[in-house]
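J.: sequence first, then the predicted structure:
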Protein chains: 2
Amino acid sequence: MSTELSLLMDAALDACCSPVTGGVLDAEAAERLAHIFKALGDPTRVRLLSLIAAQSGGEACICDLTEPVGLSQPTVSHHMKLLADAGLVVREQRGRWAFYRVADDTLAALSQALVPPAPVAR
Amino acid sequence: MSTELSLLMDAALDACCSPVTGGVLDAEAAERLAHIFKALGDPTRVRLLSLIAAQSGGEACICDLTEPVGLSQPTVSHHMKLLADAGLVVREQRGRWAFYRVADDTLAALSQALVPPAPVAR
């Protein structure tokens, strides 16, 4: 892993998510993590994230997303709202379209929060 | 990260979860990831995982878990079943009690699946 990515992940972790296996989580930390995981707990939303990340430039408008997932614009917009509320995508309005990109810092923080304890340390 | 942990994470990733931002996920890969994330999309279940990981020896029976989360044994058992079905904990029956430990390989795979693309590569 590059040092730059490692630093990004550390910073994001501080700002968002406590490690799942790093000690007993209090109710607030558990709520915060569960809120983000819940947004990922739907196959359409997981696919939407992968579709946005795969776009050239790393961003997509709703108009790019409806056809690949085979859903209506309002339904895709609803899914995108849940992803945005969880901090998993960043939304930017440009004219009549909203553009979305994956929030790498949130993904990095979630990833770090799930790293299991090193086997040698058990 | 230790080499041992890194190898564990690579192996687990192959067996379970495709990277969220490593290309457009097909329906099956998205279903598999969403199933695991859904199990984590509840604050009680996130706390239960952290409680089990924090036990000495890294395992807990239902009897260890009811009081800290303030829920009845049947309710905790239900949450543990969902975590076990998602592969997030491993259950072992000993006499009248079931013991659970965190499935480090699944956590490692999920963690790897969420690693964002390295910023230098964008």
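T.: Sure, I can see it. Everything numeric here is computed off the predicted structure, so don't read it as measured data.
J.: low-confidence stretches in chain A?
T.: A:1-15, A:119-122 (pLDDT under 70).
J.: list the residues that contact the most centrally placed residue in chain A.
T.: Centrality entry for chain A: nearest residue to the mean C-alpha point is A:Leu88, 2.9 Å, by CA atoms, centre = their mean. A:Leu88 makes contacts with A:Ile36, A:Ala39, A:Leu40, A:Leu49, A:Val102, A:Ala103, A:Thr106, A:Leu107, as judged by CB atoms under 8 Å, 6 or more residues apart in numbering or on different chains. C-betas here are computed from N, CA, C, even on glycine.
J.: wouldn't A:Leu40 be in contact with B:Gly41 here?
T.: Yes. A:Leu40 lies in contact with B:Gly41 (CB atoms under 8 Å); the separation is 7.4 Å.
J.: neighbour count winner among these two?
T.: Between A:Leu40 and B:Gly41, counting by other CB atoms under 10 Å in any protein chain shown, A:Leu40 is the more crowded of the two (26 against 21).
J.: which residues of chain A fall in helices?
T.: A:3-15, A:27-40, A:43-54, A:62-69, A:73-85, A:104-114 (DSSP state H).
J.: most tightly packed of the ones you listed?
T.: Highest mean neighbour count among those (mean count of other CB atoms under 10 Å in any protein chain shown): helix A:104-114, with a mean of 24.
J.: now do it: which elements does it pack against?
T.: Judged by 3 or more CB pairs under 8 Å, 6 or more residues apart in numbering or on different chains; DSSP states H and E, the packing partners of helix A:104-114 are helix A:3-15, helix A:27-40, helix B:104-114.
J.: contacts for the longest one next, please.
T.: By CB under 8 Å, 6+ apart, the residues outside helix A:27-40 that reach it are A:16-18, A:20, A:25, A:45-46, A:49, A:82-83, A:85-88, A:106, A:110, A:113, B:33-34, B:37-38, B:40-47, B:50.
J.: how does it look with 7 Å?
T.: With CB atoms under 7 Å, 6 or more residues apart in numbering or on different chains as the test, helix A:27-40 has contacts from A:17-18, A:20, A:45-46, A:82-83, A:86-88, A:106, A:110, A:113, B:34, B:37, B:40-43, B:46-47.
J.: so which of the helices of chain A gets nearest B:Gly95?
T.: Minimum separation from B:Gly95 across the helices of chain A (CB to CB) falls at helix A:27-40, 30.4 Å.
J.: relative to helix B:43-54, how tilted is that closest one?
T.: 110 degrees (axes from the mean of the first three to the mean of the last three CA atoms, to 10 degrees).
J.: and the angle for helix A:27-40 with helix B:62-69?
T.: 110 degrees.
J.: can I get helix A:27-40 in CSV, CA atoms only?
T.: Output in CSV follows, covering the C-alpha atoms of helix A:27-40 (Å, rounded to 0.1, in the frame of the first residue of the first chain):
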residue,chain,number,x,y,z
ALA,A,27,-23.5,2.9,21.2
GLU,A,28,-22.6,6.0,19.2
ALA,A,29,-19.7,4.4,17.4
ALA,A,30,-21.7,1.3,16.6
GLU,A,31,-24.6,3.5,15.2
ARG,A,32,-22.2,5.4,13.0
LEU,A,33,-20.7,2.2,11.5
ALA,A,34,-24.1,0.5,11.2
HIS,A,35,-25.6,3.5,9.3
ILE,A,36,-22.9,3.2,6.7
PHE,A,37,-23.0,-0.6,6.4
LYS,A,38,-26.8,-0.4,6.1
ALA,A,39,-26.4,1.8,3.0
LEU,A,40,-24.1,-0.9,1.6
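J.: tell me the angle of it relative to helix A:104-114?
T.: Going by the same axes, to 10 degrees, helix A:27-40 makes 120 degrees with helix A:104-114.
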